[in-house]
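K.L.:
take this sequence and fold it.
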Amino acid sequence: SGLGSVFGEEIRNKRGLAYSVGGVADYYLGMPVIGFSANPVRNRTEEAFGVVADLMKSSYDTAKVFSEIPDNTWDRQWQSFRYSRILERATPMGRIGERMAVVTGTLSPELYQEPIEDWKVTRKDTQKYFENHWEKSVVVMSVVGEAAELRPLAQKFFPGFEIKVLPYKDTIHASGYER
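P.N.:
Okay, the predicted model is just below:
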């Protein structure tokens, strides 16, 4: 669930800018991650960059997206999230993962003790979480494609970002990540 679904609705379903949009793993190299992945339709890449930049600002930077989501969408997303947690908890690995989330601080001990069906998190709580998480995060954006086409778009829509180009052959070798 999460923002990947919200972004998917806007980027793929409403605007048809990408073939797919999805959430990403919760952790990368031991660091917490929030975000999504998408593969834009090539002839609409510039528009997709603009929409992604706006969504990132309204979701992470200002977190105002949480007050703008319609009630029925919020309720559906929240229910979907709880159902996925119930399914996860049904497996031994899921239960271990949930206990680990308590230990690492991504799940409060109080929430862990409560039945998932009773979990109540307000929009304000969610907004505050994302604002705090964003402030403490290193922001990394990865774009795959022709650097000559994508670099100007990255500079235009994400002006404060440092841009590194990794040739494809370097991405399949460890040496490409040692820079």
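K.L.:
in the helix or strand harbouring residue 54, what's buried?
P.N.:
According to DSSP states H and E, residue 54 maps onto helix 45-56. By neighbour count on 16 or more other C-beta atoms under 10 Å, the buried set for helix 45-56 is 45-46, 48-49, 51-53, 55-56. In this view, the C-beta of every residue, glycine as well, is placed from N, C-alpha and C.
K.L.:
check which helix or strand covers the closest residue in space to residue 112 that isn't next to it in sequence.
P.N.:
Take residue 112 and drop its neighbours on the chain: the residue closest to it by C-beta to C-beta, 6 or more residues apart in numbering is residue 102, 5.0 Å away. Using DSSP H and E, the element containing residue 102 is helix 92-104.
K.L.:
in that helix, which residues are buried?
P.N.:
residue 98.
K.L.:
check which helices and strands that helix sits against.
P.N.:
When contacts are defined as 3 or more C-beta pairs under 8 Å, 6 or more residues apart in numbering; DSSP states H and E, helix 92-104 sits against helix 71-89, helix 109-113.
K.L.:
mind doing that once more with 6 Å?
P.N.:
The contact analysis (3 or more C-beta pairs under 6 Å, 6 or more residues apart in numbering; DSSP states H and E) places helix 92-104 against no helix or strand.
K.L.:
what sits up against it?
P.N.:
For helix 92-104, contacts defined as C-beta atoms under 6 Å, 6 or more residues apart in numbering pick out 88-89, 107, 109, 112.
K.L.:
out of those residues, who has the most neighbours?
P.N.:
The residue in those with the most neighbours, by other C-beta atoms under 10 Å, is residue 107 (16 neighbours).
K.L.:
quick check: mean pLDDT across stretch 156-164?
P.N.:
For stretch 156-164, the mean per-residue pLDDT is 89.
K.L.:
straight-line length of it, end to end?
P.N.:
Terminal residues of stretch 156-164 are spaced 15 Å apart (C-alpha to C-alpha, to the nearest Å).
K.L.:
residue ranges with poor pLDDT in this structure?
P.N.:
Low-confidence segments of the chain (pLDDT under 70): 1-4, 25-28, 30, 32, 34-35, 174-179.
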